[in-house]
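>>> return a 3D structure for these sequence lines:
(chains A and B)
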Amino acid sequence: MNLSFLYENIHVLLPEAILFLGALAVVGADLLRPKDGDGRGLGALALLTVVAGLVGTAYIWGRPPATYLGGASLDGFALGVRVVVLTAAFFAVLLSMGYAPRITWQTGEYYALLLLATAGMSLLGATTELALLFVALETFSLALYVLTGIYRRNPRSAEASLKYFLLGGFASGFFVYGAALLYGAGGTTDLALLGQRLAAGEANTSLLWAGMALLLVGFGFKLSLVPFHMWTPDVYQGAPTPITAFMSVGTKTAALAGFIRVLGTALPAQQATWGWALAVLAVLTMTVGNLAALRQMSLKRMLAYSSIAHAGYILVALVPGTAQGTAAALFYLFAYGLMNIGAFAVVVALERTAENDVDQGGFRGMATLYPALAAAMAVFMFSLAGIPPLAGFFGKFLVFKAAVEGGWTWLAVLGVLNSAISAYYYLRITVAIYFDQAQAVPARNAWAGLNLGIALAALGTVLVGIYPSLWIALFQGLGG
Amino acid sequence: MLSQYLFILLFTAMALVVPVMAIMMGHLLGPRHPDPVKNAVYESGMETIGDTWVQFRAQYYLIALIFVVFDVEAVFLFPIALAYKDVNALGAGAAIFFILLLLVGLLYDWRKGALEWQ
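Purely as a prediction, here's the structure:
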């Protein structure tokens, strides 16, 4: 038997292979390190792996489209997802370098799981097949369940992990059932083939819609869309903050990538039906997320609800089902990655490790003590609110433009109104930082990676805002 | 069509009759010389002391978990061994890589003290 098909086009999965081998190397290095070592080198190794993953992505950039074993494909979309996911992982490792040794002695496990989660997320962007989609989804989900609870001395972290695991397992059940029904409808797990059979009228449409509805629940959970968002605030608050930062961006990117693959590859002709379902979900998600964020006292919970609202904005881009919308969603995720991870990095800088959170008193009047940190936080808050000329503004602009050009003007109008609501709670924080009297502001946590991460995220947020054309062109080339 | 169901009916009847017959015949024809050793719970082992519903150490679960991994490993290796003529070096290489992966896991467990019984 000729087995050469096993390594034909294997470069399609080069970044994932690098991440996987890097995770193994971290485990191996953890085995070899002396018992009293602090595991600082492991963070450097993880950072190196993520950078190597980015180099691997650049290496396969621009090569002709190819598929590996009919399940993973090399195309612009897969590359774009990798850029966003690996950027998020890069920042997550930077934030973890001084953080992980404080909360756990198993730093090797911490970084290995982080890298495996990244590999699963970036694989999800490349899959064009339902079974592999599920495997990728579970790869990063299982790693994230453990990472959420890795701060074992903190009961809230354990609670968050259990909640995330139980609800996530339930959502995965919905996903698998949906995938099984789609297979029943079209007799194939290959999304493109499923699309062809649908177009030829060879598929069972009632099974198809039941399957799609179940898949929507599964993806909706991972994306924390509104009826399925209950876990988000608790899990984001309880998880170690660098992990929260990573999953707020990585999980969204990966789940959205899978969603776009299923809708865009298998069901492009049915946009008139699923477009409405997504539009309703988008409106609910934006509104509930923003209204709930208004009332939060904890900074992490506020950012969790804000991330729900942002998932709603991104969903607006998917409603018209156009390549322009896909490109807008990718750009938005990239911009969101920079500014949201930056905001969580400021939480890492200000929080007391035992509390694992920052409340209103924790940053009031911070500007007099830490002017640079305050300026960075102001940049992130303005950008999250969508104020020009920062990255968040162009993200929102492209998303709403895609909606208007796809004929969904009312949806864009609701999105803009929601941005106005969100400005209130983002700006309230900025005002508190600059104009309130300083209370007992906690000592600022600082390590080189954290400071570098905050600086890079702030710089990126400003630069993407000042020169958006470069990035817009990049992601527009990847949308189709 | 109906005759096919007849087969199932016959099969069910046979499945019921044969084992019942075997047990009954052993009971009727076999010699019977009961003594205390033969009537013991374990003919060649110790009588259990105390209740058999004992609580296990939670740690036992960790050992069992590690065991399951290698149980599954064996299941995955059988098809490669059977198809060795067809998959040759590449298949063997894949199998070895797979074993090495699990070995790293075992080494990790060992080094982290998961195999030590406290």
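
>>> looking at chain B, which helix or strand does the model trust least?
Using mean pLDDT, DSSP states H and E, helix B:36-39 stands out as the lowest-scoring helix or strand of chain B, at a mean of 79.

>>> got the buried residues for it?
By neighbour count on 16 or more other C-beta atoms under 10 Å in any protein chain shown, the buried set for helix B:36-39 is empty. All C-beta atoms are positioned from the backbone trio N, CA, C, and that covers glycine.

>>> again, but for stretch A:336-356
For stretch A:336-356, using 16+ other C-beta under 10 Å, the buried residues are A:336-351, A:356.

>>> return the distance of the least confident helix or strand of chain B from the chain's centre.
Distance of helix B:36-39 from the chain centroid (C-alpha atoms, centre = their mean, to the nearest Å) equals 28 Å.

>>> what sits up against it?
Helix B:36-39 has contacts (C-beta atoms under 8 Å, 6 or more residues apart in numbering or on different chains) with B:Glu43.

>>> kindly export the helix or strand just after it (C-alpha atoms) in PDB.
For helix B:36-39, the following helix or strand on the C-terminal side (DSSP states H and E) is helix B:59-82. Provided in PDB are the C-alpha atoms of helix B:59-82 (Å, rounded to 0.1, in the frame of the first residue of the first chain):
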ATOM      1  CA  GLN B  59      -5.100   8.100  44.700                       C
ATOM      2  CA  TYR B  60      -6.000   4.700  43.200                       C
ATOM      3  CA  TYR B  61      -7.900   6.600  40.500                       C
ATOM      4  CA  LEU B  62      -4.700   8.300  39.300                       C
ATOM      5  CA  ILE B  63      -3.000   4.900  38.800                       C
ATOM      6  CA  ALA B  64      -6.100   3.600  37.000                       C
ATOM      7  CA  LEU B  65      -6.100   6.600  34.800                       C
ATOM      8  CA  ILE B  66      -2.500   6.100  33.700                       C
ATOM      9  CA  PHE B  67      -3.300   2.400  33.200                       C
ATOM     10  CA  VAL B  68      -6.200   3.300  30.800                       C
ATOM     11  CA  VAL B  69      -3.800   5.300  28.600                       C
ATOM     12  CA  PHE B  70      -1.600   2.300  28.000                       C
ATOM     13  CA  ASP B  71      -4.600   0.000  27.600                       C
ATOM     14  CA  VAL B  72      -5.800   2.200  24.800                       C
ATOM     15  CA  GLU B  73      -2.200   2.400  23.400                       C
ATOM     16  CA  ALA B  74      -2.300  -1.400  23.000                       C
ATOM     17  CA  VAL B  75      -5.600  -1.200  21.100                       C
ATOM     18  CA  PHE B  76      -4.100   1.300  18.700                       C
ATOM     19  CA  LEU B  77      -1.000  -0.800  18.100                       C
ATOM     20  CA  PHE B  78      -2.800  -4.000  17.100                       C
ATOM     21  CA  PRO B  79      -4.000  -2.800  13.700                       C
ATOM     22  CA  ILE B  80      -0.500  -1.500  12.900                       C
ATOM     23  CA  ALA B  81       1.000  -4.800  13.900                       C
ATOM     24  CA  LEU B  82      -1.500  -6.700  11.700                       C
END
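
>>> burial count for A:Phe219?
Using other C-beta atoms under 10 Å in any protein chain shown, the number of residues around A:Phe219 comes to 23.

>>> now, the buried residues of stretch A:336-356 that are in helices?
The members of those that map onto helices under DSSP state H are A:336-350.

>>> and A:Gly480, what pLDDT?
Looking at A:Gly480, its pLDDT reads 48.

>>> in chain B, what residue comes closest to chain A?
B:Asp86 (4.2 Å; C-beta to the nearest C-beta).

>>> in which helix or strand does that residue reside?
Here B:Asp86 is assigned to helix B:84-111, by DSSP H and E.

>>> any idea how far A:Val289 lies from A:Ile314?
Val isn't right for residue A:289; it's Gly. Separation of A:Gly289 from A:Ile314 (C-beta to C-beta, to the nearest Å): 12 Å.

>>> how near is the residue most central in space within chain B to B:Leu65?
In chain B, the centroid-proximal residue (C-alpha atoms, centre = their mean) is B:Asp71; its distance is 10.0 Å. Counting by C-beta to C-beta, the separation of B:Asp71 from B:Leu65 is 11 Å.

>>> go on, A:Leu281?
39 Å.

>>> when the two are compared, which one has more neighbours?
A:Leu281 (22 against 11).

>>> next up, the contacts around A:Phe331.
Taking C-beta under 8 Å, 6+ apart, one finds A:Phe394, A:Gly395, A:Leu398, A:Trp471, A:Ile472, A:Phe475, A:Gln476 in contact with A:Phe331.

>>> same thing but 7 Å
A:Gly395, A:Leu398, A:Trp471, A:Ile472, A:Phe475 (C-beta atoms under 7 Å, 6 or more residues apart in numbering or on different chains).

>>> ok, A:Ala385 next?
A:Ala385 touches A:Ser419, A:Ser422, A:Ala423, A:Tyr426, A:Leu427, counting by C-beta under 7 Å, 6+ apart.

>>> residue of the stretch 151-300 of chain A nearest chain B, please.
A:Arg152 (14.2 Å).

>>> can you map out the strands along chain A?
In chain A, the segments counted as strands under DSSP state E are A:66-68, A:72-74.

>>> so for chain B, which of these sits nearest?
Nearest to chain B, of all the strands of chain A, is strand A:66-68, at 15.4 Å by C-beta to the nearest C-beta.

>>> for that closest one, what is the average pLDDT?
87.

>>> partners of it, with directions?
Strand A:66-68 pairs in its sheet with strand A:72-74 (antiparallel), by DSSP bridges.

>>> just the residues contacting the partner strand, thanks.
Contacts of strand A:72-74 (C-beta under 7 Å, 6+ apart): A:Val12, A:Leu13, A:Ile60, A:Arg63, A:Pro65, A:Ala66, A:Thr67, A:Ala126, A:Thr127, A:Thr128, A:Leu132.

>>> was I right about the last one contacting A:Gly71?
Yes - using C-beta atoms under 7 Å, A:Leu132 makes contact with A:Gly71 at a distance of 4.3 Å.

>>> ramachandran angles for the residue of the stretch 51-200 of chain A found nearest chain B?
Going by C-beta to the nearest C-beta, chain B is nearest to A:Gln106 of the stretch 51-200 of chain A, at 7.6 Å. When read as degrees, to the nearest 10, the backbone of A:Gln106 gives phi -100, psi 60.

>>> what number of residues lie near it?
For A:Gln106, the count of nearby residues is 17 (other C-beta under 10 Å).

>>> quick one: pLDDT of it?
On the pLDDT scale, A:Gln106 gets 83.

>>> list the buried residues in stretch A:427-447.
For stretch A:427-447, using 16+ other C-beta under 10 Å, the buried residues are A:Ile429, A:Thr430, A:Ala432, A:Ile433, A:Tyr434, A:Val441, A:Asn445, A:Trp447.

>>> re earlier: ok, the residue of the stretch 151-300 of chain A closest to chain B - contacts?
A:Thr104, A:Ala158.

>>> go on, A:Ala126?
A:Val12, A:Leu13, A:Ala72, A:Ser73, A:Ala78.

>>> quick check: residues of chain B near chain A?
B:Asp86, B:Val87, B:Leu90, B:Val104, B:Leu107, B:Tyr108, B:Arg111 (C-beta under 7 Å from any C-beta of the partner chain).

>>> skip the chain neighbours and tell me the closest residue to the third one.
It stands for B:Leu90. A:Leu3 (5.0 Å; C-beta to C-beta, 6 or more residues apart in numbering or on different chains).
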